[in-house]
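**Q** Below is the sequence, then the predicted model.
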Amino acid sequence: MNSVLHIAETRGIANFGWLNSRHTFSFGHYSNPSRTNFGSMRVLNDDIIAGGTGFDTHPHANMEIISIPISGALQHKDSMGTLQVIRDNEVQIMSAGTGVYHSEYNYLPDGETNFLQIWVMPKEQNIEPHYDQKKFENEDIMNKFKTVVSPEGADALWINQDAYFNLGHFAEETTTTLKLNIASQGVYFFIIEGSAQIADNQLEKRDGLGVWDIENGEINLTISPKTKILAIEVPMV
């Protein structure tokens, strides 16, 4: 088994007043040759947007973009005609494909909105752009991992990559095993809240751990009470 640990305080910083962001991987003005991606995951940004502000309309192409609100509410508008708001316990995906313009604004006029912005390199180039979002009820993700994004779709959101996003909110101490869908892939754990011990590493709030070359495709976790974890399985290419 191989692993890479990213402590929260080592992430890149971008603070523009209206946006306060932490970058796990190189992005914008933050450039770190040793931290450019984890497999096909290219971006993991922890964004806080001030009330009534946000990202103006801008283009994307050939990238899978996943947004996961932590607090507040985010309004999405795009050139496909989509106008939606996403909140806590919801997940949003946008397959940019051949090209799409979109904006992301804090829907709250006064309070902050915090969300994870994640980019995954696509499996197929130049597909038709696609948008979707879904709310996952508390019982879906409480004290267990729930697949919220996958290449199969089903009751998860479809993504144009062999990537699986698993979200879990653990109210009580839990010992569990995460089994990869594709044994040759890697998985990146991000602690949204709380703490956990994963692959002999103690992780705290906003720490990240990437693991690959996993024997039997299984990873054991000991998760502390009041912990929220995102586990992102991706091809290691």
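**A** Thanks, I have it.

**Q** Okay, buried residues for stretch 17-30 please.
**A** Residues of stretch 17-30 classed as buried by neighbour count (16 or more other Cβ atoms under 10 Å): 19, 20, 21, 22, 23, 24, 25, 26, 27, 30. To be clear about C-beta, it is placed using only N, CA and C from the backbone, and glycine gets the same treatment.

**Q** got it, and stretch 218-232?
**A** Residues 219, 221, 223, 224, 227, 228, 229, 230, 231, 232 are the ones in stretch 218-232 that count as buried (16+ other Cβ under 10 Å).

**Q** what two of the residues you listed have the greatest distance between them?
**A** Spatial extent of the buried residues of stretch 218-232 (Cβ to Cβ) is set by the pair 224 and 232 at 20.2 Å.

**Q** neighbouring contacts of the worst-scoring helix or strand of the chain on mean pLDDT?
**A** Least confident helix or strand of the chain, by mean pLDDT, DSSP states H and E, is helix 138-141 with a mean of 88. Helix 138-141 has contacts (Cβ atoms under 8 Å, 6 or more residues apart in numbering) with 89, 146, 148, 167, 168, 169.

**Q** next one: stretch 21-34
**A** Stretch 21-34 is contacted from outside by 6, 8, 11-15, 35-38, 41-48, 190, 206, 208, using Cβ under 8 Å, 6+ apart.

**Q** avg pLDDT for that stretch?
**A** What stretch 21-34 shows for mean pLDDT is 95.

**Q** hey, C-alpha coordinates of that stretch in CSV?
**A** Output of stretch 21-34 as CSV, limited to C-alpha atoms (Å, rounded to 0.1, in the frame of the first residue of the first chain):
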residue,chain,number,x,y,z
SER,A,21,-10.2,29.2,-0.4
ARG,A,22,-7.9,26.4,0.5
HIS,A,23,-6.4,24.3,-2.3
THR,A,24,-5.3,20.7,-1.7
PHE,A,25,-3.7,20.6,-5.2
SER,A,26,-2.1,23.3,-7.4
PHE,A,27,-4.7,25.8,-8.5
GLY,A,28,-4.7,29.4,-9.6
HIS,A,29,-1.8,31.3,-7.9
TYR,A,30,-0.9,28.2,-5.8
SER,A,31,1.6,26.0,-7.6
ASN,A,32,3.3,23.0,-5.9
PRO,A,33,4.9,20.5,-8.3
SER,A,34,4.5,17.7,-5.7
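
**Q** from the chain's centre, how far out does it sit?
**A** Offset of stretch 21-34 from its chain centre (Cα atoms, centre = their mean, to the nearest Å): 15 Å.

**Q** Repeat that for stretch 117-126.
**A** Worked out by Cα atoms, centre = their mean, stretch 117-126 lies 13 Å from the chain centre.

**Q** And that stretch, what's buried?
**A** Applying 16+ other Cβ under 10 Å to stretch 117-126 flags 117, 118, 119, 120, 121, 122 as buried.

**Q** And for stretch 130-143?
**A** Quick answer for stretch 130-143 (16+ other Cβ under 10 Å): 130, 131, 132, 133, 136, 140, 141.

**Q** Export those residues as JSON lines, with columns for secondary structure and distance to residue 68.
**A** Formatted as JSON lines, these follow (DSSP: H, G, I helix; E, B strand; the rest coil; distance: Cβ to Cβ, whole Å):
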{"residue": "130", "secondary structure": "strand", "distance to residue 68": "18"}
{"residue": "131", "secondary structure": "strand", "distance to residue 68": "15"}
{"residue": "132", "secondary structure": "strand", "distance to residue 68": "14"}
{"residue": "133", "secondary structure": "strand", "distance to residue 68": "10"}
{"residue": "136", "secondary structure": "coil", "distance to residue 68": "10"}
{"residue": "140", "secondary structure": "helix", "distance to residue 68": "14"}
{"residue": "141", "secondary structure": "helix", "distance to residue 68": "11"}
